[in-house]
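Curious how this folds, go ahead:
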Amino acid sequence: PFISFELAGQPNPFSEIYVPNAVNYQFASPGATSQLVWDEQVEQANITDGPEIFDPALLAAYTSNDLRHVLLADNTIFPTDFVDIQYNTPIVSSSNRYLVFTETLGNNEFTIEALDNSLAPTGTPVVALPGTYFDTGVNFIGGLNVFVKIYPLTAFVPAGDEIRGFRMTQTGAPVAGGNGGDGKAFVVYDPTFLTPPPTIENTTSFVQPDCLTGVGSITIDATDNGGGAIEYSVNGAAGPFQASNVFTGLVPGTYTPAVRYAGTPTCVEVALSDIVLDPAICSLSLIKSITNITPAGAPGVIDDIITYNFVITNTGDFTITDIFVVDPTASVSGATIVSLAPGASDSTSFTATYTITQADIDAGGVENSAIVSGEVPGGNTGDTADDLTDISDTGTESDGTTVVVNPETVETDDIDSVNGDNNDGDTTNDVTSLAILQSPNITITKVDTLNDGGDGIADAGDTITYAFTVTN
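A predicted model of the protein is given here:
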């Protein structure tokens, strides 16, 4: 492992590493499989593991002081392939700050370039050639040692210029692809002459806003590089800064972590990447449709039974639990849905029935809505006040058979004679209606009775009594 370097002409050993905060890389072969991170001959990650695993492992290699903790690039490497190391806070070029570049066997060519504040190559490229490395004496594998090249930062850009990172390009790899170089690069400095700002670690984390509170949190992990107590901000260098590294009650938005020394407020590191807290979307959709009308046997539609179906969809980003449906007018059957994942739908758990009354016939139809309720993550199952709810939209038109396509995007007409005009411009809460054709019809039957005094003969003076039967 690397402990320190002693360089001729410098008063003190170089014992500290200027720690990078991010890595970037480009490998031309889409089928590349041989880029892997080794730590003392133990594989830590392979590029085939994907960036979520490979990138943190690669960054760990470039922040480690162990010369045997490196990137291996054995096959399918092209001369344009490169790895960048990037700093949140640029380091200022100086002749007493050095880039150490390792090549495990000292037998591969690399081109090394400084990166400016836009992370583009800048200054003078330096080419590390086989035969010019020197042997550290640190064994890598099988009797083979680690070789290094050491350059003052002024070899890349003039003293006083800012360097935001370095790019190491595999210019010695075969044009057609093949074996590449192994190793890494890091900057060393004398802590007597440089106190870098605190390092924002890649373990910095955040919690997205939830549906109950609508706010999230950010925890900034940082390392003291010799400046003492650290202060933290999620608004970049502008602050405000605080002594705690935990920020709570954060509304959705974009946040920029930053850290500084309490005793040296101008020594600030600002994260290269922002943290975005997204709005918490918790929502349910309830579609109520007529599926059947069962005749009751009586003339007309009185006492006929309407059967309804309910389709419940989780239209949000969080799993909803303890879902149930209530209907103020219809009789609901079904059991509580235990949970419904984002994007999932349920069309079988609940049905309802309603018996048509004379009042419905007189009004010209039946209109009603249902309500679905569910529990958001962290909700109190014993308190309905924090439940997620939705008023049903209709999946059928008022004829009871025509299906409404994409019901929550269209306004479906109701029956004005039932409960007035409910077309309110909200396409998501249309009542489910059934129009009843009113067929007014009346018959009258007139029956006469002769009052003949009992002689059976209609005489003058006898009277006739008429009886009328009126039927609706």
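
Worst mean pLDDT across the helices and strands of the protein, which element?
Every helix and strand in the chain was compared by mean pLDDT, DSSP states H and E; the lowest is helix 416-419, with a mean of 78.

How far away from the center of its chain is that one?
Once both centres are worked out by Cα atoms, centre = their mean, to the nearest Å, helix 416-419 turns out to sit 44 Å from its chain's centre.

Show residues contacting that helix.
Contact with helix 416-419 is made by 360, 363-367, 431, 433, as judged by Cβ atoms under 8 Å, 6 or more residues apart in numbering. Glycine gets a C-beta too; all of them are placed from N, C-alpha and C.

buried ones in that helix?
Using 16 or more other Cβ atoms under 10 Å as the test for burial, helix 416-419 gives residue 418.

Regarding the protein, what is its longest helix?
helix 51-63 (DSSP state H).

Just the buried residues of that helix, please?
Within helix 51-63, the residues that count as buried by 16+ other Cβ under 10 Å are 54-63.

Can you show me the strands along the stretch 51-200 of the chain?
Counting by DSSP state E, counting those that start in this stretch, residue ranges of the strands within the stretch 51-200 of the chain are 69-73, 82-92, 97-103, 110-115, 121-128, 134-141, 144-152, 162-169, 183-189, 199-200.

meant to ask about the stretch 351-472 of the chain
For the stretch 351-472 of the chain, strands defined by DSSP E, counting those that start in this stretch occupy the ranges 365-368, 371-375, 388-391, 393-394, 432-435, 443-451, 463-471.

Next, format these as a markdown table and append distance to residue 67 and mean neighbour count.
Shown next, in a markdown table, are those (distance: least, Cβ to Cβ, whole Å; neighbours: other Cβ atoms under 10 Å):
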| stretch | distance to residue 67 | mean neighbour count |
| --- | --- | --- |
| strand 365-368 | 76 | 23 |
| strand 371-375 | 55 | 21 |
| strand 388-391 | 56 | 17 |
| strand 393-394 | 66 | 26 |
| strand 432-435 | 73 | 25 |
| strand 443-451 | 107 | 9 |
| strand 463-471 | 106 | 9 |
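
Same list (these) but as a markdown table, adding mean pLDDT and distance to residue 145.
Converted to a markdown table, these look like this (pLDDT from 0 to 100; distance: least, Cβ to Cβ, whole Å):
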| stretch | mean pLDDT | distance to residue 145 |
| --- | --- | --- |
| strand 365-368 | 94 | 83 |
| strand 371-375 | 96 | 62 |
| strand 388-391 | 95 | 64 |
| strand 393-394 | 95 | 73 |
| strand 432-435 | 94 | 80 |
| strand 443-451 | 88 | 114 |
| strand 463-471 | 88 | 112 |
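
residue contacts, the nearest residue to residue 410 once chain neighbours are set aside?
Leaving aside its sequence neighbours, residue 410 sits nearest to residue 427 (Cβ to Cβ, 6 or more residues apart in numbering; 5.7 Å). Residue 427 is in contact with 393, 407-411, counting by Cβ under 8 Å, 6+ apart.

if you set the cut-off to 6 Å instead, what comes out?
408-411 (Cβ atoms under 6 Å, 6 or more residues apart in numbering).

One more: residue 69?
By Cβ under 6 Å, 6+ apart, the residues touching residue 69 are 39, 61.

cool, and residue 63?
With Cβ under 6 Å, 6+ apart, residue 63 has these contacts: residue 19.

thinking again about what came up before, please tabulate the buried residues of helix 51-63 in CSV, including the columns distance to residue 336 and pLDDT.
As requested, the buried residues of helix 51-63 are exported to CSV (distance: Cβ to Cβ, whole Å; pLDDT from 0 to 100):
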residue, distance to residue 336, pLDDT
54, 44, 93
55, 43, 93
56, 42, 93
57, 45, 94
58, 48, 94
59, 47, 93
60, 47, 92
61, 51, 92
62, 53, 92
63, 51, 88
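
how about low-confidence regions in this protein?
Where the chain drops to pLDDT under 70, the residues are 1-4, 7, 12, 30-31, 298.

Could you rerun that using 80?
Scanning the chain for pLDDT under 80 picks out 1-15, 29-34, 74-75, 141-143, 297-300, 416-424, 438-441, 472.

Run a quick neighbour tally on residue 309.
Look at residue 309: counted by other Cβ atoms under 10 Å, it has 17 neighbours.

An error on my part: the question was meant for residue 90.
Using other Cβ under 10 Å, residue 90 is surrounded by 16 other residues.

thinking again about what came up before, got the strands of the stretch 351-472 of the chain as CSV, with distance to residue 320 columns?
Shown next, in CSV, are these (distance: least, Cβ to Cβ, whole Å):
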stretch, distance to residue 320
strand 365-368, 24
strand 371-375, 4
strand 388-391, 6
strand 393-394, 18
strand 432-435, 22
strand 443-451, 57
strand 463-471, 54
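
so which of the ones you listed comes closest to residue 119?
Each of the strands of the stretch 351-472 of the chain was scored for nearness to residue 119 using Cβ to Cβ, and the closest is strand 388-391 (43.6 Å).

Which secondary structure elements does the closest one sit against?
Judged by 3 or more Cβ pairs under 6 Å, 6 or more residues apart in numbering; DSSP states H and E, strand 388-391 is in contact with strand 284-294, strand 371-375.

can you do 10 Å?
Contacts defined by 3 or more Cβ pairs under 10 Å, 6 or more residues apart in numbering; DSSP states H and E place strand 388-391 against strand 284-294, strand 305-314, strand 320-326, strand 371-375.

and the last one, what other elements does it pack with?
Judged by 3+ Cβ pairs under 10 Å, 6+ apart, the packing partners of strand 371-375 are strand 284-294, strand 305-314, strand 320-326, strand 337-340, strand 388-391.

Reformat these into TSV and put distance to residue 147 next to each item.
Below are the helices and strands packed on strand 371-375 laid out as TSV (distance: least, Cβ to Cβ, whole Å):
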stretch	distance to residue 147
strand 284-294	63
strand 305-314	58
strand 320-326	59
strand 337-340	58
strand 388-391	62
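
so which of those strands comes closest to residue 110?
The closest of the helices and strands packed on strand 371-375 to residue 110 is strand 305-314. By Cβ to Cβ, the value is 52.1 Å.

residues of that closest one that come out buried?
For strand 305-314, by 16+ other Cβ under 10 Å, it's 306, 308-314.

likewise stretch 75-84?
Of the residues in stretch 75-84, those buried (16+ other Cβ under 10 Å) are 76-79, 81-84.

quick check, nearest of these to residue 296?
The nearest member of those to residue 296, counting by Cβ to Cβ, is residue 76 at 76.5 Å.

what about the residue nearest to that closest one when sequence neighbours are not counted, which SS state?
Leaving aside its chain neighbours, residue 76 sits nearest to residue 29 (4.2 Å; criterion: Cβ to Cβ, 6+ apart). Here residue 29 is recorded as coil under DSSP: H, G, I helix; E, B strand; the rest coil.
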